[in-house]
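Participant: Have a look; sequence and predicted model below, questions after that.
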Number of protein chains: 2
Amino acid sequence: MARWCIGIDLGGTFIKFGLLDENRQPGGTLQLPTPRGGAEGIIAQMVEGARALMAQTALRREDLVAVGIGAPGPADLKRGVILAMPNIPGVADVPLARRVGEAIGAPACLENDANAAAYGEFCCGCGVGSRSLVLLTLGTGVGSGVIVEGQVLHGSHDVGGEFGHMIVQPDGDSCPCGQRGCLERYCSAAALGRRARQAIEAGRSSALVEVLRRKGDLDAKDVEVARKAGDALAAEVWEAGAHYLAVACVNICRILDPDLIVLAGGLAGAGEDLRTPVREHFGRLHWSLTAPRTRIELSALGEQAGVIGAAAVAWRASRQS
Amino acid sequence: MARWCIGIDLGGTFIKFGLLDENRQPGGTLQLPTPRGGAEGIIAQMVEGARALMAQTALRREDLVAVGIGAPGPADLKRGVILAMPNIPGVADVPLARRVGEAIGAPACLENDANAAAYGEFCCGCGVGSRSLVLLTLGTGVGSGVIVEGQVLHGSHDVGGEFGHMIVQPDGDSCPCGQRGCLERYCSAAALGRRARQAIEAGRSSALVEVLRRKGDLDAKDVEVARKAGDALAAEVWEAGAHYLAVACVNICRILDPDLIVLAGGLAGAGEDLRTPVREHFGRLHWSLTAPRTRIELSALGEQAGVIGAAAVAWRASRQS
């Protein structure tokens, strides 16, 4: 009988659940809406989802080894405590790992969601066989996770591995984090839509003018579609985003020099339409002292990277304890 | 009888030699000029210096455990081979560790010079008791070394830990490395002198005009002295350098979140006159999601960080082999 870990990925819209066996093979998955209103609802939904997944896959309690939870926002990872929840004001100091683990009846551990996704790609995705990687999730913001010599890099105060808030434009755009010129202001999926809208509001003509009028807003997908149809503004916005992503890739090489950089999240859904221009800018921006050797890859696990990674983190913790 | 490792620090002007015992206590030191003309002269000088230091301190061969060499430029660290030497064209693929080790009669290992200095501060300087640090050497360029969980970070291709070539100003000043907008173009000791000179050549008045006329060039020390005497241009150049250093410190926190950042090299000789403005800018630029917890410190070992670190690297290697 196989033994399993459950991975739970807490997102803004959905909580995802998945299984991973001891040979790193994924099993069944499940997804439930993220309840509004606070920590208690989220804890209850996590417990219910895990139990439902176990029932659905006929997983017996004695074959469940551990639970791993990936969650956004600042946390005390050693203690498994969420310090705050983005978008849910008033939530503070939630002992998520202990509460969920006790209810399910298995040891549980907590990891940052982007770190979990990075560890998922490292163990089961495009990072298999590598020693180090950096994953960038290009969505509303830019999340990132760093693996160095097979270990998730947390930093001394659990706030490391945040390439989305690396300053790439001193005195640049204000970021909700309180800094200016953060990477995520220039190349998240949201940033691309925002930049196209700003250009249109400043008077630029584009096929996107009509889209903006119809939808009231623009997202990266609109930019991608218009670019493919030959729209000049869309192409310009897309190239600018790829340029900043390439700056990030150069800096990742200078600082961490990993085996690979993984592009993930909504914007990476564009596939080669994203990777090709990023690689071109990267080749042009990279120093000439040594040839570029860090590979730039697209996520292999896609939307499942988070749950698979959370389960892989649980396996790792269970082997260390 | 104490057992010792010898540390050798290869600089552009001097080769420095030092001893470190198994309790991390430094012993005698020695310094010889760096010979011109190529790798053979450098190897011979390293061997001669090590022998002279042993003779001077009555260190017997049987009490010498290992030799560590810190050197600039690209290298294959595992094989102990220097791939190229900055400022010495034509030098390629020099098996420095093997050649020096065989001649002295002890195992030898190679480390990047800034990494060695970082490891020196970590083991014997202001990083004692920490788990992670980043050291920035502010000289002609900006070198850096990264310690994560007690290990020197090399990256997958031995080119990691180069914060001096992090791009902080896309499309900014050209750097000899082939990139544009590298950190070292904005806050090395050389950059401060260069920026003051450029401002004067563009017509700015300053007490430094007379210094430039007399010396033909300006360095960071000139800027520091003029700033203390109340010169407005010097103050402006100094603040701009501190601002970019603070951007680097913020990015170091976002990416690596270390216990401390160590300011070293010529510019750090200004002491609190450098650290205080860097800390002020850092506090202003840092995100508001969590309070700054990474300390910004001045080098404790100063010019000896490199040799002490190289010897500490040798101790570490000898314990692992």
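Facilitator: Yep, it's here. Numbering: from 1, shown residues only, chains lettered A, B, ... in the order given.
Participant: Please enumerate the helices of chain A.
Facilitator: Along chain A, counting by DSSP state H, helices occupy A:39-56, A:96-104, A:113-124, A:184-187, A:189-201, A:208-215, A:220-228, A:232-255, A:272-285, A:305-320.
Participant: how about the helix or strand bottoming out on mean pLDDT in chain A, does it reach chain B?
Facilitator: In chain A, no helix or strand scores lower on mean pLDDT, DSSP states H and E than strand A:88-94, which sits at a mean of 79. No. Using C-beta under 8 Å from any C-beta of the partner chain, strand A:88-94 never reaches chain B; the gap is at least 13.0 Å. Backbone N, C-alpha and C define where each C-beta goes, glycine included.
Participant: Can you list the helices and strands that that strand packs against?
Facilitator: Secondary-structure packing of strand A:88-94 (3 or more C-beta pairs under 8 Å, 6 or more residues apart in numbering or on different chains; DSSP states H and E): helix A:39-56, strand A:81-85.
Participant: Single out the most deeply packed of the ones you listed.
Facilitator: strand A:81-85 (a mean of 19; mean count of other C-beta atoms under 10 Å in any protein chain shown).
Participant: Now find how far off-centre it is within its chain.
Facilitator: Centroid separation for strand A:81-85 versus its chain: 17 Å, with C-alpha atoms, centre = their mean, to the nearest Å.
Participant: With chain B as the reference, measure out to the residue sitting furthest away from the middle of chain A.
Facilitator: Going by C-alpha atoms, centre = their mean, the residue of chain A most distant from its centre is A:Gly203, 34.2 Å out. Separation of A:Gly203 from chain B (C-beta to the nearest C-beta, to the nearest Å) stands at 24 Å.
Participant: which ones are touching that residue?
Facilitator: By C-beta atoms under 8 Å, 6 or more residues apart in numbering or on different chains, the contact list for A:Gly203 is empty.
Participant: picking up where we left off before, Throw the helices and strands packed on strand A:88-94 into a markdown table and include mean pLDDT and distance to chain B, thanks.
Facilitator: A markdown table is the format used below for the helices and strands packed on strand A:88-94 (pLDDT from 0 to 100; distance: least, C-beta to the nearest C-beta, whole Å):
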| stretch | mean pLDDT | distance to chain B |
| --- | --- | --- |
| helix A:39-56 | 96 | 19 |
| strand A:81-85 | 87 | 8 |
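Participant: okay if I get those as CSV plus distance to B:Gly143?
Facilitator: Shown next, in CSV, are the helices and strands packed on strand A:88-94 (distance: least, C-beta to C-beta, whole Å):
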stretch, distance to B:Gly143
helix A:39-56, 46
strand A:81-85, 35
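Participant: looking at the ones you listed, which is closest to B:Gly164?
Facilitator: Taking C-beta to C-beta, strand A:81-85 is the member of the helices and strands packed on strand A:88-94 nearest to B:Gly164, at 33.6 Å.
Participant: Highest mean neighbour count out of the helices of chain A?
Facilitator: Counting by mean count of other C-beta under 10 Å, helix A:113-124 has the highest mean neighbour count of the helices of chain A, with a mean of 29.
Participant: which residues are in contact with stretch A:214-234?
Facilitator: For stretch A:214-234, the surrounding residues in contact (C-beta under 8 Å, 6+ apart) are A:189-190, A:192-194, A:196-197, A:199-200, A:204-208, A:211-212, A:235, A:237-238, A:266-267, A:270, A:273.
Participant: Report the beta-bridge partners for the residue lying closest to A:Val307 once chain neighbours are set aside.
Facilitator: Spatially, and ignoring its direct neighbours in sequence, A:Val307 is nearest to A:Gly18 (3.4 Å; C-beta to C-beta, 6 or more residues apart in numbering or on different chains). For A:Gly18, the beta-bridge partners under DSSP bridges are A:Gly7, A:Thr29.
Participant: wait, doesn't A:Gly18 sit right on A:Gln25?
Facilitator: No. Under the criterion of C-beta atoms under 8 Å, A:Gly18 is not in contact with A:Gln25, lying 11.4 Å apart.
Participant: who's more crowded, these two?
Facilitator: Legend: neighbour count by other C-beta atoms under 10 Å in any protein chain shown for A:Gly18 and A:Gln25, higher for A:Gly18 (26 against 11).
Participant: list the contacts for the nearest residue to A:Glu149 once chain neighbours are set aside?
Facilitator: Leaving aside its chain neighbours, A:Glu149 sits nearest to A:Arg131 (5.7 Å; criterion: C-beta to C-beta, 6+ apart). Contact analysis of A:Arg131 by C-beta under 8 Å, 6+ apart lists A:149-150, A:259, B:156.
Participant: Just the buried ones from the residues you listed?
Facilitator: Burial by neighbour count, 16 or more other C-beta atoms under 10 Å in any protein chain shown: within the contacts of A:Arg131 this picks out A:259, B:156.
Participant: tell me, how many neighbours does A:Val128 end up with?
Facilitator: A:Val128, neighbours per other C-beta under 10 Å, totals 11.
Participant: how near is it to chain B?
Facilitator: 15 Å.
Participant: need the contact list for that residue.
Facilitator: Residues in contact with A:Val128 (C-beta under 8 Å, 6+ apart) are A:Phe122.
Participant: And it, its phi and psi?
Facilitator: Phi and psi for A:Val128, reported as degrees, to the nearest 10, are phi -60, psi 130.
Participant: Below-threshold pLDDT in chain A: ranges please.
Facilitator: A:1, A:86-88 (pLDDT under 70).
Participant: That one - how does it break down into domains?
Facilitator: Under the assignment automatic domain parsing, the domains of chain A span A:4-111, A:126-300.
Participant: so which of these gets nearest A:Ala317?
Facilitator: Closest of the domains of chain A to A:Ala317 is domain A:4-111, at 4.5 Å (criterion: C-beta to C-beta).
Participant: chain center to that closest one: distance?
Facilitator: Centroid displacement of domain A:4-111 relative to its chain, using C-alpha atoms, centre = their mean, is 16 Å.
Participant: Would you mind naming what in the stretch 1-150 of chain A lies close to chain B?
Facilitator: For the stretch 1-150 of chain A, the residues in contact with chain B (C-beta under 8 Å from any C-beta) are A:74, A:130-132, A:146, A:148-149.
Participant: go with 10 Å
Facilitator: Counting by C-beta under 10 Å from any C-beta of the partner chain, the stretch 1-150 of chain A comes close to chain B at A:73-74, A:83-84, A:86, A:130-134, A:144, A:146, A:148-149.
Participant: got a winner among those residues for most neighbours?
Facilitator: Compared across the residues of the stretch 1-150 of chain A next to chain B, A:Ser144 has the highest neighbour count, 31 neighbours, by other C-beta under 10 Å.
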